[in-house]
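Peer 1: Model the following, please.
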Amino acid sequence: MAKSIAVAGKGGTGKSTIAALIILALRDRALRGHKSAEGAQQTASSGPILAIDADPDSNLGTMLGIETRRSVGDLREEVLEEIKNFPAGMSKAQYVESGLHQIIEEEKGFDIITMGKGEGSGCYCYLNNLIRKFSEDLFHAYSWIVMDNEAGLEHISRRTAANIDSLIVVVNDNPISLGTAKNIDHIIKYLKNDIGKKYIVTNMLKAGRRGQVLERIKEIDMEYLGDVPFDPLLEDFMFQGKPLSELPASIAKESVEKFLDKIGGDHGGA
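Peer 2: Numbers count the residues shown, from 1 in each chain. Have a look, this model is predicted:
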C-alpha cells in the first residue's frame, strides 16, 4: 500500500507550492534510485507517485508543468447528465471507473488527478462513494500519494484526508494560519481521523517574528519539521509562471529535502 502525505493549511501560506516541491523531490529520489539500480540512466515508468489536487483552485498541475484537461468534478457532472445515454450493458460503476482512468494525467515519475469543482445541486452520495472506492483501488499501483488539500478545514472535517501517514500543515507569520493549524488538530482529534503523524512547516518567516511564531507553534500538538525560507529563485519562477519541475537547486528545494528525510521520504509503500 502506498504511503501518503497530505498538505493542508490556510490559503496564502504557500501550501500548494510546498506540495508541488514534495512531489518533485519524491520523484527525483525515485529516479535517482532507479538509475543506481540499473547502473545507467533510465526513464522511470509512469507513476511511483500519485499527486492529488484536492484544492478547487486546481493550481497543482500548473505548478508541476502539466495541463489538466478533466477533473473528478467534471466526471461527476458528466455521469449525472449522461446516465440515460450510457452504452448498452454499461453500469454507472463501470462508467465512473473508465472515466477515472481517463482523468489521470501521466508525467515522467508521477501521475496526477485533479478533483476540480465542488458538488452542484444533484445527489452525489452514491457517485462520491464510487469515486472514493476506485481511487483507493488505484493507490496500490503507487509508492506515494501526495494530496494538496483545500485551504482550511473541508477535507479534514469531511474525512477525505483520513487514513494518511503524514499530515503537513503549512503556516506563516499570519496569526490566522496558526489558528487554522490549531483547528485542524482539534478536528482530527474530535473525528478520530486515522492519521499517522502530524507536522507543522513554517514558510518564509520574517526574521523579526520567527521567535514568536515558534513559541506559538509549541502550543499545537504537531511536530515542527522546519522552515522554508524566502527563496528569490522560487519567487522568480512563480512570477514568471514557470513550472517548478524546471526549478534548479534552490534554498526551498533543499528545505523540502530535509523534511522528507525526517518523515522517511526514501521509503514509499510497496
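Peer 1: now the helices for the stretch 151-270 of the chain?
Peer 2: Per DSSP state H, counting those that start in this stretch, the stretch 151-270 of the chain carries helices over the ranges 154-157, 175-191, 210-217, 232-240, 251-262.
Peer 1: which residues of the stretch 51-200 of the chain score low on pLDDT?
Peer 2: 84, 118-131, 152-162 (pLDDT under 70).
Peer 1: cutoff 90 now
Peer 2: 54-59, 67-104, 106-109, 113-141, 149-164, 187-195 (pLDDT under 90).
Peer 1: can you pull out the strands in it?
Peer 2: For the stretch 51-200 of the chain, the strands defined by DSSP state E, counting those that start in this stretch cover 105-107, 110-114, 144-148, 164-171, 195-203.
Peer 1: what's next to the fourth one, contact-wise?
Peer 2: Right, strand 164-171. The list of residues contacting strand 164-171 from outside it, by C-beta atoms under 8 Å, 6 or more residues apart in numbering, reads 3-10, 13-15, 18, 22, 145, 147, 161, 177-178, 180-181, 184-185, 188, 194-203, 213, 217, 222, 225, 259, 263. Just so you know, the C-beta spots here come from the backbone N, C-alpha and C atoms, and that holds for glycine as well.
Peer 1: Given that strand, what are its sheet partners and their directions?
Peer 2: Strands that pair with strand 164-171, judged by DSSP bridges, come out as strand 3-9 (parallel), strand 195-203 (parallel).
Peer 1: Would you mind listing the buried residues in the first one?
Peer 2: I take that to be strand 3-9. 3-9 (16 or more other C-beta atoms under 10 Å).
Peer 1: Next secondary structure after it?
Peer 2: helix 15-38 (DSSP states H and E).
Peer 1: Can I get that following helix in CSV, CA atoms only?
Peer 2: Presented in CSV, the C-alpha positions along helix 15-38 are these (Å, rounded to 0.1, in the frame of the first residue of the first chain):
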residue,chain,number,x,y,z
LYS,A,15,0.6,25.2,0.7
SER,A,16,0.3,24.2,-2.9
THR,A,17,3.9,25.3,-3.7
ILE,A,18,5.2,23.1,-0.9
ALA,A,19,3.0,20.2,-2.0
ALA,A,20,4.5,20.6,-5.5
LEU,A,21,8.0,20.6,-4.2
ILE,A,22,7.4,17.5,-2.1
ILE,A,23,6.1,15.7,-5.2
LEU,A,24,9.1,16.7,-7.3
ALA,A,25,11.5,15.8,-4.6
LEU,A,26,10.0,12.3,-4.2
ARG,A,27,10.0,11.9,-8.0
ASP,A,28,13.7,12.9,-8.1
ARG,A,29,14.6,10.4,-5.4
ALA,A,30,12.7,7.6,-7.2
LEU,A,31,14.5,8.5,-10.5
ARG,A,32,17.9,8.5,-8.7
GLY,A,33,17.2,5.2,-7.1
HIS,A,34,16.1,3.7,-10.5
LYS,A,35,19.3,4.9,-12.2
SER,A,36,21.6,3.5,-9.5
ALA,A,37,19.7,0.2,-9.5
GLU,A,38,20.1,-0.1,-13.3
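Peer 1: All set now, cheers.
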